[in-house]
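[1] sharing a model that was predicted from the sequence below.
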Amino acid sequence: MTDYLLAIDQGTTSTRTILFNRGGLTEASAQEEFEQHFPADGWVEHNPEDLWRTTLSTLQSVLESAGDKRSMIRALGMTNQRETTLVWDRQTGEPVYNAIVWQDRRTARFCDDLRRRKVEGWVHEKTGLLLDPYFSASKIRWILDNVDGVRERAQAGRLMFGTVDTYLIWKLTGGKRHVTDASNASRTLLFNIHTQQWDSALLDLFDIPMSMMPTVLDSASDFGTTDADVVGAELPIAGVAGDQQAALFGQCCFDIGMTKSTYGTGCFMVMNTGVLPVNSRHRLLTTVGYRLNGQVTYALEGSIFMAGATLQWLRDQIGFVAKAADSEAMAERVGADQHVYLVPAFTGLGAPHWDPNARAAIVGMTRDTGIDHIVTAGLQSVGYQTADLLGAMLDDGSASEVELRIDGGMAANDWAMQFLSDVTDTRVTRPVITETTALGAAMLAGLQVGVYQSTDELSALWQSEKRFEPAMDSEVRERLLTGWRRAVKATLP
Ligand SMILES: Nc1ncnc2c1ncn2[C@@H]1O[C@H](COP(=O)(O)OP(=O)(O)O)[C@@H](O)[C@H]1O
Ligand SMILES: O=P(O)(O)OC[C@H](O)CO
């Protein structure tokens with residue numbers, strides 16, 4: 001009998017359900033986008049009903065198209081946009097407010113005030129994170145302080161908090177389980193990554209009752225069973241991880257120093273640092289990669305805000321490309337050794353610069369500069385930013401060199417990936433299966449129910465589709481990087 005595994009990937013703009021066979025290949029999938037809500041400047045919300053509706057309908061659609069394979073589905077894995085915050089009533093199941101999305105900046109001033117109280121040091125010590133609106137804690141507090149009657153209900157033990165995984169599992173199990181996994185918990189700013197427990201000092205700092213918090217489980221664990229009356233099938237939910245950590249798992253980065261880099265809208269780079277947390281000197285995040293049998297594997301994470309989004313800007317705002325993939329032919333015409341730089345600091349710069357006030361610039365133009373040069377510079381900016389990030393990560397981590405395992409929509413661009421390899425002087429590898437996020441969740445579930453016996457068995461499934469080897473002259477690389485650093489300086493206030 002062949003085994004199959006399902007995975008739900010609830011992302012920021014769409015929800016996907018994928019059916020994988022035992023070899024990790026996709027058998028069926030369904031995807032639905034949903035509406036983004038921007039009620040005020042810097043605010044980003046999702047309607048919880050949309051998250052649930054798209055989850056249920058993509059799941060049911062894949063179950064239908066599975067046909068005969070349906071009876072051979074062994075388990076369900078869940079992966080999700082991280083940090084996004086929901087609060088709902090324990091009895092009625094009604095959310096008290098929309099989901100506040102990770103991108104939402106409404107609590108920036110509150111976080112600034114906390115930083116002024118000089119607490120960031122011990123908060124970082126416990127959580128591995130920074131005092132930033134990105135993470136869940138200040139979002140929960142905002143809901144408690146700003147929605148009528150909610151604080152009283154929370155204090156009476158009537159409300160539940162969850163990241164998206166927790167909310168969806170609660171719905172899928174018919175309200176039976178209030179759980180999360182350690183990788184998602186580690187993104188809340190309320191979880192002590194050393195003791196692996198909710199931290200009462202952090203809950204006090206943000207004024208959040210402990211009674212709201214879900215139970216934290218291993219990433220491969222018993223998260224409950226889907227309710228047949230709700231879903232139409234009883235399936236064990238057996239693997240859960242935040243999406244970037246799930247991609248680390250799906251890319252089989254199980255050894256210290258192994259690193260994945262996802263090139264979607266932005267770029268998230270995550271490095272396995274083993275069983276000990278590594279403290280960054282470059283403001284990278286220390287986070288739980290995954291937890292198996294009570295054993296934590298830690299990771300370092302850095303994010304770039306604009307990767308594929310730079311191509312979207314060149315397409316939608318400036319009209320320099322008709323579609324993102326056209327950039328490849330334009331860059332081939334120009335070549336990598338050019339002097340135009342596009343620093344995409346449209347919303348500030350992420351790691352390792354972390355400057356919210358930096359603003360984008362195109363520098364180094366001459367009379368012969370044309371559209372092709374600027375589009376090429378857009379692709380190159382992704383390589384340059386990765387070089388900065390990787391430099392910081394290697395300096396912090398225990399590895400002296402890495403191979404970058406890539407995925408995400410932009411990983412399809414061969415020219416950009418070759419430049420990435422050249423400018424970072426690093427081997428870049430694209431796997432056969434690029435749906436690594438969903439695959440990681442399915443693998444976790446498969447480990448839990450015995451479809452797979454070990455991570456070694458999973459590593460054997462991972463296959464490279466294409467390798468990009470560094471081929472740039474070191475003198476050219478240094479010259480280009482010096483020009484990039486000068487361009488970045490020009491964007492800083
Ligand atoms: N061939 C390509 N070259 C460059 N960028 C691309 C290419 N194909 C897609 N992209 C970029 O990748 C992004 C989409 O990737 P995806 O992984 O689906 O992102 P997300 O999950 O963040 O929505 C878009 O920003 C798009 O501009
Ligand atoms: O849903 P994505 O792919 O944009 O990922 C969002 C991240 O998890 C935010 O931390």
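    All right, it came through fine. Numbering: from 1, shown residues only. Ligands and ions are numbered 1, 2, ... in the order given.

[2] buried ones in the helix or strand of the chain with the lowest mean pLDDT, by neighbour count?
    When the helices and strands of the chain are compared on mean pLDDT, DSSP states H and E, helix 108-116 comes out lowest with a mean of 90. The neighbour-count check on helix 108-116 (16 or more other CB atoms under 10 Å) flags 110, 111, 114 as buried. For every residue, glycine as well, the C-beta is placed using N, CA and C.

[3] beyond that helix, next helix or strand please.
    The C-terminal neighbour of helix 108-116 among helices and strands, as given by DSSP states H and E, is helix 120-127.

[4] is it true that residue 411 touches residue 420?
    No: the criterion here is CB atoms under 8 Å, and residue 411 misses it with residue 420 at 9.3 Å.

[5] and the two? Which one has more around it.
    residue 420 (29 against 25; other CB atoms under 10 Å).

[6] quick one: contacts for the more buried one?
    382, 383, 386, 404, 406, 426, 428, 468 (CB atoms under 8 Å, 6 or more residues apart in numbering).

[7] same check on residue 53?
    residue 34.

[8] report the rounded mean pLDDT for the helix or strand hosting residue 205.
    Secondary structure assigned from DSSP H and E places residue 205 in helix 200-206. Mean pLDDT, computed over helix 200-206, is 97.

[9] also stretch 284-296?
    According to the model, stretch 284-296 has a mean pLDDT of 97.

[10] against residue 171, how distant is the residue nearest the centre of the chain?
    The centroid of the chain falls nearest to residue 244 when counting by CA atoms, centre = their mean (3.5 Å). For residue 244, the distance to residue 171 (CB to CB, to the nearest Å) stands at 23 Å.

[11] picking up where we left off before, go through the buried residues of helix 108-116 and name the one nearest residue 473.
    residue 111 (44.8 Å; CB to CB).

[12] is ligand 1 within reach of stretch 301-317?
    Yes: using CB under 6 Å from any ligand atom, stretch 301-317 reaches ligand 1 at 308, 309, 311, 312.

[13] residue of the stretch 151-300 of the chain with the smallest distance to ligand 1?
    residue 264 (2.7 Å; CB to the nearest ligand atom).

[14] for that residue, which non-adjacent residue is closest in space?
    Computed as CB to CB, 6 or more residues apart in numbering, the closest residue to residue 264 that is not its neighbour in sequence is residue 408, at 4.1 Å.

[15] what's the lengthiest helix in the chain packed up against?
    Counting residues, the longest helix found in the chain (DSSP state H) is helix 371-396. Under the contact definition 3 or more CB pairs under 8 Å, 6 or more residues apart in numbering; DSSP states H and E, helix 371-396 sits against strand 259-263, strand 267-274, strand 295-304, helix 308-316, helix 327-334, strand 341-343, helix 414-424, helix 474-491.

[16] comparing these, which comes out most buried?
    Among those, strand 259-263 has the highest mean neighbour count (mean count of other CB atoms under 10 Å), at a mean of 27.

[17] sheet partners, orientation included, of it?
    strand 267-274 (antiparallel), strand 403-407 (parallel) (DSSP bridges).

[18] now that strand against helix 308-316, angle please.
    20 degrees (axes from the mean of the first three to the mean of the last three CA atoms, to 10 degrees).

[19] what sits up against strand 259-263?
    244, 247-248, 251, 253, 267-272, 307-308, 382, 386, 390, 393, 399, 402-411, 436-437.

[20] same thing but 7 Å
    Contacting residues not belonging to strand 259-263 are listed as 244, 247-248, 251, 253, 267-271, 307-308, 382, 386, 402, 404-411 [CB atoms under 7 Å, 6 or more residues apart in numbering].

[21] can that strand be found next to ligand 2?
    No: residues of strand 259-263 are not located near ligand 2 by CB under 6 Å from any ligand atom, the shortest gap being 7.4 Å.

[22] quick check: angle from that strand to strand 295-304?
    Between strand 259-263 and strand 295-304, the angle comes out at 40 degrees (the same axes, to 10 degrees).

[23] for strand 259-263, the averaged confidence score.
    95.

[24] relative to ligand 2, how far out is residue 21?
    Residue 21 sits 24 Å away from ligand 2, going by CB to the nearest ligand atom, to the nearest Å.

[25] that residue pairs with what?
    For residue 21, the beta-bridge partners are residue 4 (DSSP bridges).

[26] spell out which residues of the stretch 201-350 of the chain are next to ligand 1.
    Going by CB under 6 Å from any ligand atom, the residues of the stretch 201-350 of the chain near ligand 1 are 264, 265, 308, 309, 311, 312, 324, 325, 327.

[27] give me that answer again for 8 Å
    Applying CB under 8 Å from any ligand atom, we find that the stretch 201-350 of the chain lies next to ligand 1 at 262-266, 307-312, 315, 323-325, 327-328.

[28] so how far is the helix or strand containing residue 428 from its chain's centroid?
    Following DSSP H and E, one finds residue 428 within strand 427-431. Centroid separation for strand 427-431 versus its chain: 19 Å, with CA atoms, centre = their mean, to the nearest Å.

[29] I'd like to know which elements that strand is packed against.
    strand 403-407, helix 414-424, strand 464-468 (3 or more CB pairs under 7 Å, 6 or more residues apart in numbering; DSSP states H and E).

[30] what's downstream of that strand, the next helix or strand?
    Assigned by DSSP H and E, the successor of strand 427-431 is helix 436-449.

[31] sorry, back to before: give me the pLDDT value at the residue nearest to residue 264.
    Reading off the model, residue 408 has pLDDT 90.

[32] number of nearby residues for it?
    21.

[33] got the contact list for residue 363?
    341, 487, 490.

[34] on that earlier part again, and which of the residues of stretch 301-317 next to ligand 1 is nearest residue 369?
    residue 311 (18.6 Å).

[35] against ligand 2, how distant is the closest one?
    Taking CB to the nearest ligand atom, one finds residue 311 at 16 Å from ligand 2.

[36] now that residue. Nearest residue, chain neighbours left out?
    In space, residue 311 is closest to residue 324, 4.1 Å off (CB to CB, 6+ apart).

[37] same question for residue 14.
    In space, residue 14 comes closest to residue 33 once its chain neighbours are excluded; the distance is 4.4 Å by CB to CB, 6+ apart.

[38] hang on, the earlier thing: sort out which one of the contacts of residue 420 lies nearest residue 482 for me.
    Out of those, the member with the shortest distance to residue 482 (by CB to CB) is residue 383, at 14.7 Å.
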